[in-house]
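S.K.: sequence and predicted structure are below.
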Amino acid sequence: MAYIEERNSESGCLFCNRRDEAPGPASLILHRAPRSFVILNRYPYTNGHLMVVPNAHVPSLEDLDSQALSELMLLARRGLRALRQAYGAEAFNLGVNIGAPAGAGVVDHVHLHVVPRWAGDTNFMATTAATRVIPEDLEQTYLRLDQAWRALPAED
Ligand SMILES: [Zn+2]
């Protein structure tokens, strides 16, 4: 299953360009960890569409060491919990596009999509960008998720 990504319109790497930006609604960065960070997708499939991104500018999961890979999944877990809390998400699609033929928009910097789903929601895989309906603005999404993320108990 490919997540169709927006073409990267920035010069340089979309993710590396955010490296020095602090978490907040302007950067859309929800959380920074030692080896990775969590950022809202600027072109979400659904409200709450997150991405977990390693700091390392590498194209594939196989280029990450075990610690970076573990942190990526731990942040995905926290993302799932925050999305259940903030949006009552009932289901999720998680996905990584590795390489352009797989649909990667930022081919050189691997990232994990976390997309919340609800019973009866539109099938975003069959929906084009032009017809997607995203009723909530990103700043509101950010504030909701930030609150839920910070309210979660410490993890083991
Ligand atoms: Zn990068």
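M.R.: Nice, I can see it.

S.K.: secondary structure class for G48?
M.R.: When classified by DSSP: H, G, I helix; E, B strand; the rest coil, G48 comes out as coil.

S.K.: wait, doesn't it sit right on L83?
M.R.: Yes - assessed by C-beta atoms under 8 Å, G48 is found in contact with L83 at 5.1 Å. C-beta here means a position set from N, CA and C on the backbone, and glycine is covered the same way.

S.K.: so what sits against both of the two?
M.R.: Taking C-beta atoms under 8 Å, 6 or more residues apart in numbering as the contact rule, the neighbours common to G48 and L83 are A89, P116, L145.

S.K.: can you tell me which of those end up in strands?
M.R.: Within the shared contacts of G48 and L83, residues falling in strands by DSSP state E are P116.

S.K.: who touches V53 in this structure?
M.R.: V53 sits in contact with F15, S36, F37, V38, I39, H109, V110, H111, L112, where contact means C-beta under 8 Å, 6+ apart.

S.K.: tell me the phi and psi of the spatially most central residue of the chain?
M.R.: With distances taken as C-alpha atoms, centre = their mean, the residue of the chain nearest its centroid is M51 (1.3 Å). Listed backbone geometry of M51 is phi -130, psi 140, with angles given as degrees, to the nearest 10.

S.K.: wait, it sits on H113?
M.R.: Yes - under the contact definition of C-beta under 8 Å, M51 touches H113, with a separation of 5.7 Å.

S.K.: what residues do those two have in common as contacts?
M.R.: Once C-beta under 8 Å, 6+ apart is applied, the residues that M51 and H113 both contact turn out to be N41.

S.K.: returning to what we had before: next, format the contacts of V53 as JSON lines and append pLDDT and distance to the ion.
M.R.: Supplementary listing: the contacts of V53 in JSON lines, determined by pLDDT from 0 to 100; distance: C-beta to the ion, whole Å:
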{"residue": "F15", "pLDDT": "95", "distance to the ion": "4"}
{"residue": "S36", "pLDDT": "97", "distance to the ion": "12"}
{"residue": "F37", "pLDDT": "97", "distance to the ion": "12"}
{"residue": "V38", "pLDDT": "98", "distance to the ion": "15"}
{"residue": "I39", "pLDDT": "97", "distance to the ion": "12"}
{"residue": "H109", "pLDDT": "96", "distance to the ion": "3"}
{"residue": "V110", "pLDDT": "97", "distance to the ion": "9"}
{"residue": "H111", "pLDDT": "96", "distance to the ion": "9"}
{"residue": "L112", "pLDDT": "97", "distance to the ion": "14"}
